[in-house]
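*Asks:* Predicted model and sequence below, questions to follow.
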Protein chains: 2
Amino acid sequence: MIIDSDGEKLIADIFDNELKPGQKDRFRQQIEFILEVDKLKHVLRQTILMDKSRRENSAEHSWHIALTVMILSEYARDAEIDFFRVMKILLIHDLIEIDAGDTYCYDDQGRKDQAAREQLAAERIFNLLPSDQARICRDLWDEFEEKKTPESRFANALDRVQPFLHNYFTRGQTWQENDIKSGQVKTRMQPVDDGAPVLWKYVSALMDDAVNKGFLAE
Amino acid sequence: MIIDSDGEKLIADIFDNELKPGQKDRFRQQIEFILEVDKLKHVLRQTILMDKSRRENSAEHSWHIALTVMILSEYARDAEIDFFRVMKILLIHDLIEIDAGDTYCYDDQGRKDQAAREQLAAERIFNLLPSDQARICRDLWDEFEEKKTPESRFANALDRVQPFLHNYFTRGQTWQENDIKSGQVKTRMQPVDDGAPVLWKYVSALMDDAVNKGFLAE
């Protein structure tokens, strides 16, 4: 059943006669998933846009870092990795926030039940898809979370670098608003070293500079 | 030179000593490009989000359709295509809108100089990158625009399907606001048939249903 934004059921069976019996449910599940993930555009992150006009949402963030794969792939710690999979990981990595919300990385209270909330979200959201595709997406998300493969480590590095750049180039506005110290940022940025050592050196230099310029408290 | 949102030059040389001579300009160009493309989050499209709360921006749209590659690949007209390239095409296909704006597909006046505006935008934006990457991105964008390869045809199909779904499932609000007729939508949707015949049948069925339900004028 696909319902529209007024809560009314739409396109019940109008397309069914074009598909073979086994395809009907599959196609409907795929469309429902595509409509459902639109909600990620409403999940606001702490990161602000470069012009400071507003907070970024998780769909925009996901686009930005998936694109970044094309630009920064040469800095991955392991050169021979599957960048297509990195990109897929990044496109789906925040979908669980549709249910679980974006947990601010320095919110120690919110992070206590974050894993439990996100597991529930993953169960619901990926299982909107046909089972084979649900499995593929779930595996990609688990891979991202576990940070064990070179692909997931590079994905995690990019996921940390982009908001860091926004923080630095907006003069640490979000850091200051949330009373964040440089030690916290350094810990948070560790996955950058694991996935992309050159980018880690860059981030380290910017962190020092941010402290020197007063964007970030020591 | 990388400037921050207050217009001040930042990180002039703080990272240069970590890189070999030839890498310095390259890295700075890559970071400048990543910061510049943030502006796509400000380019508003005519499409509204599924809950009708606001218009969608082109970064969100790009994320949504790149993700859709993972879900609808089995409906591509040509099964043996490079879906990684389709995804890359979709991630960069709207970057030219940073300068050229989003031209509403039914705006005949705006479409007259659209190609000229977009060519200028492509020149500037892709050339922020190191020349090899600028070439790659430019080629992907040209491929998308020319619609000659199976990859670009599938990319164009997905680029048309997603806003169509938003239109249908918000009961044609944007169609009605802009006084759009079903013949215009049908012409606009032709690339869906070229790239994904099954999706075209679905879109056709929804178009008929939209007319029947009064979402779309005949």
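*Replies:* Everything's here; your move.

*Asks:* Could you say which helix or strand holds the residue in chain A positioned nearest to chain B?
*Replies:* Chain B sits closest to residue A:63 of chain A, with a gap of 3.6 Å, by CB to the nearest CB. For glycine as for every other residue, the C-beta is placed from the backbone atoms N, C-alpha and C. Residue A:63 is part of helix A:58-72 when elements are defined by DSSP states H and E.

*Asks:* One more: residue A:192?
*Replies:* Assigned by DSSP H and E, residue A:192 falls in helix A:190-195.

*Asks:* For that helix, give the mean pLDDT please.
*Replies:* Computed over helix A:190-195, the mean pLDDT rounds to 96.

*Asks:* was I right about the residue of chain A closest to chain B contacting residue B:91?
*Replies:* Yes - shown here, residue A:63 and residue B:91 form a contact pair, counting by CB atoms under 8 Å, at 6.8 Å.

*Asks:* Establish whether stretch A:98-114 and chain B are in contact.
*Replies:* No - counting by CB under 8 Å from any CB of the partner chain, chain B is not contacted by stretch A:98-114; separation bottoms out at 12.0 Å.

*Asks:* Buried residues in that stretch, which are they?
*Replies:* Residues of stretch A:98-114 classed as buried by neighbour count (16 or more other CB atoms under 10 Å in any protein chain shown): A:98-106, A:114.

*Asks:* now stretch A:184-204
*Replies:* A:184-185, A:189, A:191-196, A:198-204.

*Asks:* How about the host helix or strand of residue A:29 and chain B, touching?
*Replies:* Element membership for residue A:29, per DSSP H and E: helix A:21-36. Yes - using CB under 8 Å from any CB, we find that helix A:21-36 touches chain B at A:27, A:30-31, A:33-35.

*Asks:* And the helix holding residue A:63, what does it pack against?
*Replies:* Helices and strands touching helix A:58-72, by 3 or more CB pairs under 8 Å, 6 or more residues apart in numbering or on different chains; DSSP states H and E, are strand A:44-48, helix A:83-92, helix A:150-169, helix B:21-36, helix B:58-72, helix B:83-92, helix B:131-146.

*Asks:* Report the central residue of chain A.
*Replies:* With distances taken as CA atoms, centre = their mean, the residue of chain A nearest its centroid is residue A:94 (3.6 Å).

*Asks:* Three-state assignment for it, please.
*Replies:* Three-state assignment for residue A:94 (DSSP: H, G, I helix; E, B strand; the rest coil): coil.

*Asks:* Could you find the closest non-adjacent residue to it?
*Replies:* Nearest non-adjacent residue to residue A:94, counting by CB to CB, 6 or more residues apart in numbering or on different chains: residue A:58, 4.3 Å away.

*Asks:* number of nearby residues for the one you found?
*Replies:* Neighbourhood size, residue A:58 [other CB atoms under 10 Å in any protein chain shown]: 25.

*Asks:* which residues touch it?
*Replies:* Residues near residue A:58 by CB atoms under 8 Å, 6 or more residues apart in numbering or on different chains: A:40-41, A:43-45, A:94, A:97, A:102.

*Asks:* I'd assumed residue A:40 was in contact with the residue nearest to the centre of chain A.
*Replies:* Yes - judged on CB under 8 Å, residue A:94 makes contact with residue A:40 at a distance of 6.4 Å.

*Asks:* what's the overlap in contacts for the two?
*Replies:* Between them, residue A:94 and residue A:40 share the contacting residues A:58-59, A:62, judged by CB under 8 Å, 6+ apart.

*Asks:* Please convert the residues you listed to a markdown table, extending it with distance to residue B:140 and pLDDT.
*Replies:* Listed next are the shared contacts of residue A:94 and residue A:40 as a markdown table, based on distance: CB to CB, whole Å; pLDDT from 0 to 100:
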| residue | distance to residue B:140 | pLDDT |
| --- | --- | --- |
| A:58 | 25 | 98 |
| A:59 | 21 | 98 |
| A:62 | 19 | 98 |
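
*Asks:* Need these in CSV (columns: distance to residue B:212).
*Replies:* Formatted as CSV, those follow (distance: CB to CB, whole Å):
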residue, distance to residue B:212
A:58, 36
A:59, 32
A:62, 36
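
*Asks:* Max pairwise distance over the buried residues of stretch A:184-204: which two?
*Replies:* Maximum pairwise distance among the buried residues of stretch A:184-204 (CB to CB): 23.0 Å, between A:184 and A:198.

*Asks:* give me phi/psi at residue A:128?
*Replies:* phi -70, psi -30 (degrees, to the nearest 10).

*Asks:* Identify the residues contacting it.
*Replies:* Applying CB under 8 Å, 6+ apart, we find residue A:128 in contact with A:29, A:32-33, A:36, A:134.

*Asks:* Selecting buried members of those residues in ChimeraX, what would you type?
*Replies:* Per 16+ other CB under 10 Å, the buried members of the contacts of residue A:128 correspond to this ChimeraX selection:
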select /A:29,33,36,134
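
*Asks:* Make TSV out of the contacts of residue A:128 and add pLDDT and distance to residue B:86.
*Replies:* Formatted as TSV, these follow (pLDDT from 0 to 100; distance: CB to CB, whole Å):
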residue	pLDDT	distance to residue B:86
A:29	93	21
A:32	94	22
A:33	97	18
A:36	97	22
A:134	98	22
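
*Asks:* Okay, and residue A:56 sits in which element?
*Replies:* Under the criterion of DSSP H and E, residue A:56 resides in strand A:55-57.

*Asks:* What residues sit buried inside that strand?
*Replies:* Neighbour counts over strand A:55-57 (16+ other CB under 10 Å) mark A:56-57 as buried.

*Asks:* What is the distance between that strand and the centre of its chain?
*Replies:* Between the centre of strand A:55-57 and the centre of its chain there are 12 Å (CA atoms, centre = their mean, to the nearest Å).

*Asks:* wait, does that strand contact chain B?
*Replies:* Yes - using CB under 8 Å from any CB, strand A:55-57 reaches chain B at A:56-57.

*Asks:* Could you name the helices and strands sitting against that strand?
*Replies:* Using 3+ CB pairs under 8 Å, 6+ apart, the elements in contact with strand A:55-57 are strand A:44-48.

*Asks:* any residues touching the strand it packs on, and which ones?
*Replies:* Contacts to strand A:44-48, defined as CB under 8 Å, 6+ apart, come from residues A:54-58, A:61, A:102, A:104-105, A:163, A:166-167, A:170, A:173-174, A:178.

*Asks:* Just give me the neighbour total for residue A:164.
*Replies:* By the criterion of other CB under 10 Å, residue A:164 has 20 neighbours.
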